[in-house]
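K.L.:
prediction below, plus the sequence it came from.
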Amino acid sequence: MAKVKQIVRYPVKSMQGEYMEAVRIHTHGVEGDHIFAWEKKGQPGDYLTIPKYPFLLNYGVNLKSNGTLSISENENIFSSEKLEEVDSHFSDKAGLHVTLASMNIAEGQTSYWEYPLLIASTSSLEKMKELSKREQLDMLRFRPNLIIDFEKDTPFLEEQWIGEELTINDVVLKIEKGCERCSYVNVDSITKEIDANVLKTVVKENKNIFGVYASVKKTGEIRVGDSIERA
C-alpha cells in the first residue's frame with residue numbers, strides 16, 4: 001500500500017535534517033531525533049525556533065555514533081565537543097546568549113510535544129504545492145521523520161490511517177492524529193524564504209493538517225524502501 005521513500009532525523013531542534021538509510025525506532029521515536037536544542041541561557045526550556053531565527057537552517061547537522069554533533073556551514077565546521085566555541089558562535093548569530101542544551105530524551109519520553117514520529121506523503125506535498133500555487137515546495141519545511149510514497153497518488157491518504165496500527169519491518173506504529181501546523185511551515189528549509197501563504201493554504205484546504213503523528217507500539221529498525229502495511 002505504501003513504501004518508505006526517505007527517513008529524516010533532526011538531531012537539533014529547528015536546524016537542518018539528516019537523511020538516513022536506516023534508523024532504530026525506540027518508544028521515543030527515531031534514535032537521535034530532537035536530542036539537542038539551542039536554549040536561551042538562564043531560561044530553561046526556552047529554545048530558538050525557525051520562525052524567529054531562520055539562520056539556524058543555514059547549518060547542516062551530523063550526529064555521530066559517539067553522540068557528538070558536527071555542525072557545518074560551508075567550510076566552517078563546529079563540534080559539540082568544543083561547546084564554548086559553539087555556544088559563542090551561535091550566541092553571536094542569535095544576538096543573545098544561548099547554549100547547546102541536551103533535551104534528555106529517554107525511553108518513555110517523546111521527541112515531539114505529543115507523539116514521537118511524524119509521517120507525510122509525497123502525494124500530499126505535491127497537492128499542497130499545487131494548492132499554494134508554488135513552483136517548489138520543500139518537504140523539510142514540514143519536518144517529517146518518514147516520507148512515504150503511496151501506490152496510488154492520492155493526497156492526504158495518510159489521514160485515513162488515524163486510529164489504526166501499521167507495520168514497517170518489525171516496527172509497529174499507531175497513527176494517533178493529524179499534525180496541526182504553525183508558522184514553521186512558512187519558512188523554506190533551503191532558501192529561508194518566508195511565505196505566509198503556505199500556512200494559510202494548509203488551514204484553508206486541509207483544516208490546518210499536514211501529515212500524521214504516530215506512537216511506537218513495537219520498536220525495531222526501519223529502512224528506506226520498506227513496505228508499510230496495516231497491522
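P.N.:
Nice, I can see it. It should be emphasised that the depicted structure is a prediction, and the values quoted were computed from it without experimental measurement.

K.L.:
hang on, isn't residue 60 packed against residue 69?
P.N.:
No: look at residue 60 against residue 69 with CB atoms under 8 Å: they stay out of range, at 10.6 Å. For glycine as for every other residue, the C-beta is placed from the backbone atoms N, C-alpha and C.

K.L.:
the two: who's more crowded?
P.N.:
Between residue 60 and residue 69, counted using other CB atoms under 10 Å, the more crowded position is residue 69 (20 against 15).

K.L.:
if I look at the more buried one, how far off is residue 48?
P.N.:
Between residue 69 and residue 48 the computed distance is 15 Å (CB to CB, to the nearest Å).

K.L.:
same thing with residue 59?
P.N.:
Distance from residue 59 to residue 48, by CB to CB: 12 Å.

K.L.:
swap in residue 74?
P.N.:
Where residue 48 is concerned, residue 74 sits at a distance of 20 Å (CB to CB).

K.L.:
the more surrounded of the two?
P.N.:
residue 48 (21 against 8).

K.L.:
contacts for stretch 13-23?
P.N.:
6-11, 30-32, 34, 36-38, 47-50, 53, 56-57, 59-63, 71, 103, 140, 143, 189, 221-224 (CB atoms under 8 Å, 6 or more residues apart in numbering).

K.L.:
restricted to strands, list those.
P.N.:
Under the assignment DSSP state E, the contacts of stretch 13-23 contribute 6-9, 30, 36-38, 60-63, 71, 221-223 to strands.
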